[in-house]
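Q: The following block contains a protein sequence and its predicted model.
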Amino acid sequence: MLEQIGVDSIAALFAEIPAELRVDGTSSLEPGTGRNPRSEGVPPSIVSGEAMSEMAMLRWMGERAEQDAGLACFAGAGCYDHHVPAAVWDIAGRGEFMTAYTPYQAEASQGTLQLVFEYQTMMCALTAMDASNASVYDGASGLAEAILMAVRKVARKSRSRRVLVAETLHPHYRDAARNIVANQGVEIETLPMAEGRCDLQRLPDDGAFAAVVLQQPNFFGMLEDADRLTDWAKGQGAAVIGVVNPLTLSVLKPPGQWGESGADIACGDGQPLGAPMSSGGPSFGFICAKAALTRQLPGRIIGQTEDASGRIGYSLTLQAREQHIRRGKATSNICTNQGLLVTAAAVHMALMGAKGLAAAASASRANTLRLVERLTALEGVQPLFPGPFFHECALALPKPVPKVLDALLDRGILGGVSLAKHFPELGNALLVCATEKRSADEIDTYGQALENILR
Amino acid sequence: MLEQIGVDSIAALFAEIPAELRVDGTSSLEPGTGRNPRSEGVPPSIVSGEAMSEMAMLRWMGERAEQDAGLACFAGAGCYDHHVPAAVWDIAGRGEFMTAYTPYQAEASQGTLQLVFEYQTMMCALTAMDASNASVYDGASGLAEAILMAVRKVARKSRSRRVLVAETLHPHYRDAARNIVANQGVEIETLPMAEGRCDLQRLPDDGAFAAVVLQQPNFFGMLEDADRLTDWAKGQGAAVIGVVNPLTLSVLKPPGQWGESGADIACGDGQPLGAPMSSGGPSFGFICAKAALTRQLPGRIIGQTEDASGRIGYSLTLQAREQHIRRGKATSNICTNQGLLVTAAAVHMALMGAKGLAAAASASRANTLRLVERLTALEGVQPLFPGPFFHECALALPKPVPKVLDALLDRGILGGVSLAKHFPELGNALLVCATEKRSADEIDTYGQALENILR
Amino acid sequence: MSTIFDLSQAGRNAAAQCAGPDGAALAGLPEAALRTRPPELPEVSELQAVRHYTNLSAKNFSIDGQFYPLGSCTMKYNPRGAHRAASLPGFLGRHPLAPERASQGFMECLFALQEILKEVTGMAAVSLTPMAGAQGEFAGVAMIRAYHRARGDLERREILTPDAAHGTNPATAVMCGYTVREVAVDGNGDVDLDALKAAVGPQTAGLMMTNPSTCGVFERQAVQIAQVVHDAGGLLYYDGANLNAILGKVRPADMGFDVLHLNLHKTFATPHGGGGPGAGPVGVGERLLPHLPVPLVARDGGGYRWLTEDDIPGTIGRLSAFAGNAGILLRALAYALMLGRAGMDRVSDFAVLNATYLATRLKAAGFDLAYPNRAATHEFILTLAAQAKAHGVSAMDFAKRLLDFGVHAPTTYFPLLVPECFLIEPTETECREELDRFVDAMVAIAEEAERDPEHLRTAPHSLPVGRLDDVKAARDLKLRWMPG
Amino acid sequence: MSTIFDLSQAGRNAAAQCAGPDGAALAGLPEAALRTRPPELPEVSELQAVRHYTNLSAKNFSIDGQFYPLGSCTMKYNPRGAHRAASLPGFLGRHPLAPERASQGFMECLFALQEILKEVTGMAAVSLTPMAGAQGEFAGVAMIRAYHRARGDLERREILTPDAAHGTNPATAVMCGYTVREVAVDGNGDVDLDALKAAVGPQTAGLMMTNPSTCGVFERQAVQIAQVVHDAGGLLYYDGANLNAILGKVRPADMGFDVLHLNLHKTFATPHGGGGPGAGPVGVGERLLPHLPVPLVARDGGGYRWLTEDDIPGTIGRLSAFAGNAGILLRALAYALMLGRAGMDRVSDFAVLNATYLATRLKAAGFDLAYPNRAATHEFILTLAAQAKAHGVSAMDFAKRLLDFGVHAPTTYFPLLVPECFLIEPTETECREELDRFVDAMVAIAEEAERDPEHLRTAPHSLPVGRLDDVKAARDLKLRWMPG
Ligand SMILES: Cc1ncc(COP(=O)(O)O)c(C=O)c1O
Ligand SMILES: Cc1ncc(COP(=O)(O)O)c(C=O)c1O
């Protein structure tokens, strides 16, 4: 090949790089000092920089994976240990899906395109919305995109850049959304809570908000009065953004039907639809909207069309919203999204059907009820709020939560999520969740363990 | 559907089954007695006969799988813990390979057919033989088929039904082969061993055998003098059957080149080529033969051919050897074979190449050398035989082996295979193997553990 | 398409798979034991291997892609969950010779499967070790042989089979050292009882039979047949390949069978893998208990242990290096657990419903059933003799043309006694829409046979290759790739 | 092909996936919170779902099946081993909020990756949390903003980009509240330094730039550009999408960049998944250390701990619910481990060798390079303007026709400043034979363009659909399936 090119070494191919910038390989990046740039805190095998065979790499990483494994998971808080049918990743992992690129060449990408079209349809069915995009990064960053949509469009009249966010929203969602939208001068304000739900007594009525953000079930697993909140918000001229768990929508009222006219945007994290927990990522964020907001959606959208002989096909559409066409005027800078997780989600929903999703959601609630019953039978353990909760529940413990969690770890139990950092005012508060995967034995073991720890 | 058929219940479809034979479902198989036929020794979840969801089934089986897991494996004896590249089963597990049937409809099965054709080529390259079939069940039953081939063809002149089998052959192979061929009046006799190898001093010379069976490396991991044994056997008019480990053929002399004119048949188990240990199955048996024996091969064989427009294609060939055509006159009764494992093996060989296989074989030998060195440094532990061994080694221990193995289990080590049952005359003998997957740490841990146990 | 050898370039490799010590590890081995030149395996990158085999796979029909109404072969959907279960690292990583103490989880699974299979067949005991149906047959017939021998009854040299029997039946009998005598099947697919009576005698070791038979009908005289053979001192072998037709409806033991095999890869769940693997457990009645092949799992106190030659001295012994196709057995157990008892009964319900529906619709569409007076079971036979006569198109032509419709062809020319036959088994996992599509394709092809028979005779037209020349394959034998 | 909704039949389901308690679990919930009708999801059997999506998948091009010379997108082979590593049950099963004590294995992996990325870029610190390149850009520009703000420098409202920049660069700047000013690129693909000097000023927050640039050439004035921008008080952003071209050859830090993102899904290993996911870690020099997005992993005594807002008070904060696309980060680490340092250097060797070879051969075959005086990097640009003029065929027509040859089209019409352009990146994992096949296909199409341009204009001809009507898609919006 070098001969055809007409050079005599690979090094010659890099001749245009100014000599003073050249380094001689990643292996000698701190020339002169003799110091290995990867030293402190890194295992020797990595410091050395020797290539590992696939086998050696899998052993090394396998040891680390093993180190953290084997806990019975009672943590939720936005990431759930649901069963994923074996077929889901057998299909999503097929090279044709996994190693394809973004379907810019539609004719060579009908597999992905039709699948995402079907996914969009399913998400619209779950949320009772008119349009869905093909995913954003995750639920939290997706909320930022939803807020920007609302600010751009719905609030054109009011010109308000203020957004009211329920205090009962996942605090990480609030943080991420704020961190993103603040750069565009959007201000996030808080709708206060009472007893773990939005405080209906303290709803502002000055009509100054571009959008109101509700989560259902909320961060504490509680069910908000979504109808009333929606009607109130719309009465104020604000757009309503519902942050929802798509699995629970198999049994809960969809945002599109909240109140008189429904929320304007539904968004959330798709993790409960076929994605393993995987330390929180990759999963995917979804955004669905009422028709009026379709053109405000960020990211890719698939539409149905035809070829010259009338055969139905699918292609990326409304690309004029996107960065590769509209550059600085795009609805978002998103490019790479979370396509493969959407693939898994579509297969997951097709396999589970409405019936399977409802069964998983109901079983998760049943298990959480059983867990709460078991734990609150212990002295000093109580539900923090009167309810109703869906499949997560905040509990008050008689001891500091981090210590309890630590002691539970010793017994192989991930006992939930401490609320100490984000809600110190709630005292020794622990958020628990038992999905359909938790067995009666595991729930019992948890009860027993906690009993011993609190004793 | 019932309406179209013209009956009013599914039960009506079974009307031709005589009433007195009918049972009413597997659920009431012991009518009258009220006894549940699955009671003793079966877990309650199985006794109940309730359908499990996929999730519940995976939990149940997962608990059982977990129960036996996590040992560092130093056992070989015909089944080896080699690394399988991740791509192997990602490909072999594709629905197109995994859920296809036997390629009887060639035009709709070119994927499987070409792959097996490539596999046959690779096996011929490894063994230095002219033809390979598309697999038999496993190495042991394959040996029986090889013996029958030899008896049918090679020994036509001598009409002998006596077969001489090296004492150093895997005893399970000898047993299985005998159990199978004895029904056709074939007699298995033993070529005795000395110091763990065929005793060259005690080779019979009465020319009465239809075939001689050698294993290389043999059951004890030792290298036989295959050249000399082959020449001697052929001098006696016997066919030579080499039982070989295909991985070691990456570095060892192939049976087709043993002695002056090579063995006549090479067979063995394909497990080291991409199959996980999986309790010994499924793996696959391979049989390769010199051209003169091609038509004696049992099972399926793929050949290259063409369609009407000259395009190359592949199809099952020489089917007149097979049971579905020749019925009672077939070369074997085999029908279903071990196709998927052959798929994995072909991908495995393509990925590893000669270089990768040789690396795995050499690393296994290096690790076994290291292990033997470590263990024989302990007092009373010695190699049982002077060598040369390849990647397994028989050791003499100063204590009864089963007890030692038991104590090793307590330390998470599967320490090898006891030879007590099949070779009681060898005393406290243990067969060990350390594949390329065993780390230096694991080998050291084994040494340490054995030191403590023997102390 | 290129072969992997065409892609090969000297010196190329998948580096991440080639780590290991250099030749030093081989020092000390006798020169004569070593290879002089490395084997000529392909030299390709990991990408090349993955791409080559991915693209090859696309040239296959498979259940995941197509309807596959292959009679006798039971090409149904096998739940991915069963595959997942058998692929659990704890199962895949178990060494076959691990001590019992470190094998209790695995052995509990095998024991549970033994019990479930006993229950569905009504047999007294089950050994899981045979690695496919044919090896199950071998084990069964070898047990019959061992039984007669143990009784000193050495003159029984013959095994009977219906002439419609699957090829493995006679082949097995021969492998077990028997001669085969075939018994005719009558015009309704039942065994000719008079012919059977004439055939039995003191030379009869036993009879092998499938029920529903390979004619796709239920052998109604099963009990009488058993009587005749038993009276002659022979034993009855049940070929369980078609058990999915009668699960929960009738048990082979109740029909008088002494021994049977099950094709777990048909009735239970195992994808066929392009030819295998399968598993063919054998079940026996009391008489053959002493001869079961080893190993088996027994319950022992609080745990499980292996039964070997020491426990069953009359055993026909082991038939494989270890304990059979363990991974397939685990799939079957997973499948049984997901079905539960009630689900097991539904297997035969739906298998027979689907076949009967298809037979009804095809008949209504003008096709000839081979046994029009009989009820379909899980499968049924169509004869295309009329089409062959009228238009000069064979069942093979029909079969090849079906491939163009994206449907795998049914089993053709088996059983041989029905001319131009299609043995059709839709299985219980296909839905009605798929069956209707098949009828539509058959009707379209039948019309085409009138209009343009040559188009059938040269089919398929839309697959990677056209009709392949089998004669050439056998005449100009090319069994491996050669350079140039 | 039918949609999954067309296959749906009321009441059908995959029974093994539908276990669970009945409605009782929902008792006690307020009526108003519940759904009145179940969502209209497909009702299909497990077989139907598996078959449908298997067959759909066959309608995709993919790296596992085809060569994909997509400039800027780096469609290379990603070793299956990396996927396997990230799919280890211990990683997949880890809850993101598991306490540090139960997360040391995972955190060690992240820490190791941080260190490796620091080394290859020369930056002072790396935060792994951004979930794709564009989010990395966002994080980077948000840090630039935070930097200026922290210094009370509030008047910097503008971000500069070359006019050839990727669309995400200007879009990101706007998302961060900046206006964008584009700077021209000269005829050799370098930034016009005079134009840059004219553009910078007290309003300049920073400049975003890729190197090798999107023109497929190495920006030789990188150091001068840095000088100009720094002198004006702005910071330098390096868009690392093309890092695979210079791994081990030059480090962004040495070119003067203050902040960068890496597309792990390009330079490191992640299959593109039909659109994602990816990961876009950011690296910073000393100046931006106080603003890194959280969480990060730090070494602490014998273990690892998370750095959060408490540790980095000036942080731009978290950008996702948890810690980014952990699974993608693990793939990148696995890839880096398998390559080792020397392998990492070979990535750029082979990426550039392959591109240069392809450019050389295409040029020899008569195609026009957009920058004929420049060396190719890991990618290069072809302009088909001559062909367009002579035969009325566009780059799009060429692209669609390539699909018929089983080759994915290169990136077309980007960068926009080159007319009728193909941005071609063969990547380091393709072999020479594949490159040669691409040249053959291009030559064949060029000949066809002369002979039968209409055949190009109506391409593709051999795919599941012909050229699709994008205008109709946008005009008659159908964004979801509707019955009937
Ligand atoms: C009726 C019958 N018996 C026996 C067999 C043999 O079973 P196997 O292929 O598992 O060896 C088959 C397989 O097709 C069969 O259909
Ligand atoms: C030059 C360049 N910059 C930025 C990006 C955006 O990266 P991502 O798609 O990961 O968001 C891309 C992706 O194509 C790119 O090519």
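A: Right, received. Where do you want to start? Ligands and ions are numbered 1, 2, ... in the order given.
Q: Look at residue 44 and say how many residues are nearby.
A: Unless you meant another one, I'm taking chain A. Applying other Cβ atoms under 10 Å in any protein chain shown, we find 9 residues neighbouring A:Pro44. Heads up, the C-betas are built off the backbone N, CA and C, glycines and all.
Q: Chain C was what I was after
A: A total of 23 residues lie near C:Val44 under the criterion other Cβ under 10 Å.
Q: ok, for it, nearest residue in space, not its chain neighbours?
A: Nearest residue to C:Val44, sequence neighbours excluded (Cβ to Cβ, 6 or more residues apart in numbering or on different chains): C:Leu7, at 5.3 Å.
Q: I figured that neighbour hits C:Arg51, correct?
A: No: counting by Cβ atoms under 8 Å, C:Leu7 stays clear of C:Arg51, with 9.1 Å between them.
Q: Who has more neighbours out of the two?
A: C:Arg51 (24 against 20).
Q: hang on, the earlier thing: how about the residue nearest to C:Val44, what does it touch?
A: Residues near C:Leu7 by Cβ atoms under 8 Å, 6 or more residues apart in numbering or on different chains: C:Pro42, C:Val44, C:Gln48, C:His52, D:Glu433.
Q: Separate out the buried members of the residues you listed.
A: Neighbour counting by 16 or more other Cβ atoms under 10 Å in any protein chain shown classes C:Pro42, C:Val44, C:Gln48, C:His52 among the contacts of C:Leu7 as buried.
Q: How about the residues of the stretch 351-484 of chain C by chain B?
A: C:352-353, C:356-357, C:360-361, C:374-376, C:399-400, C:403, C:408-409, C:414, C:432, C:458, C:460, C:463-470, C:472-474, C:476-481 (Cβ under 8 Å from any Cβ of the partner chain).
Q: Revised request: answer the last question for chain A.
A: In this structure, chain A approaches chain B at residues A:53-55, A:58-59, A:83, A:85-86, A:90, A:93-95, A:436-437, A:439, judged by Cβ under 8 Å from any Cβ.
Q: Near chain C, list only the ones from those residues.
A: Among these, the residues lying close to chain C (Cβ under 8 Å from any Cβ) are A:Ser53, A:Glu54, A:Met55, A:Pro85, A:Ala86, A:Asp90, A:Gly95.
Q: In helices only, show me those residues.
A: Among those, DSSP state H puts A:Glu54, A:Met55, A:Ala86, A:Asp90, A:Gly95 in helices.
Q: In the stretch 251-400 of chain C, which residue sits nearest ligand 2?
A: Closest residue of the stretch 251-400 of chain C to ligand 2, Cβ to the nearest ligand atom: C:Pro271 (37.1 Å).
Q: residues contacting that residue?
A: B:Gly95, B:Met98, B:Thr99, B:Leu340, C:Ile63, C:Asn78, C:His83.
Q: and it, that one's in a helix?
A: No: residue state for C:Pro271 (DSSP: H, G, I helix; E, B strand; the rest coil) corresponds to coil; a helix is not indicated.
Q: Start from the N-terminal end of the stretch 201-350 of chain C and give the helices.
A: Taking DSSP state H, counting those that start in this stretch to define them, one finds helices in the stretch 201-350 of chain C at C:222-231, C:264-267, C:326-364.
Q: which one of those is the most hemmed in?
A: For the helices of the stretch 201-350 of chain C, average neighbour numbers computed from mean count of other Cβ atoms under 10 Å in any protein chain shown are highest in helix C:264-267, which has a mean of 28.
Q: Are it and chain B in contact anywhere?
A: Yes: judged by Cβ under 8 Å from any Cβ, helix C:264-267 comes into contact with chain B through C:His265.
Q: A:Met123 against A:Pro246, yeah?
A: Yes: the criterion here is Cβ under 8 Å, and A:Met123 meets it with A:Pro246 at 7.3 Å.
Q: Identify the contacts common to these two.
A: Contacts common to A:Met123 and A:Pro246, judged by Cβ under 8 Å, 6+ apart, are A:Phe286.
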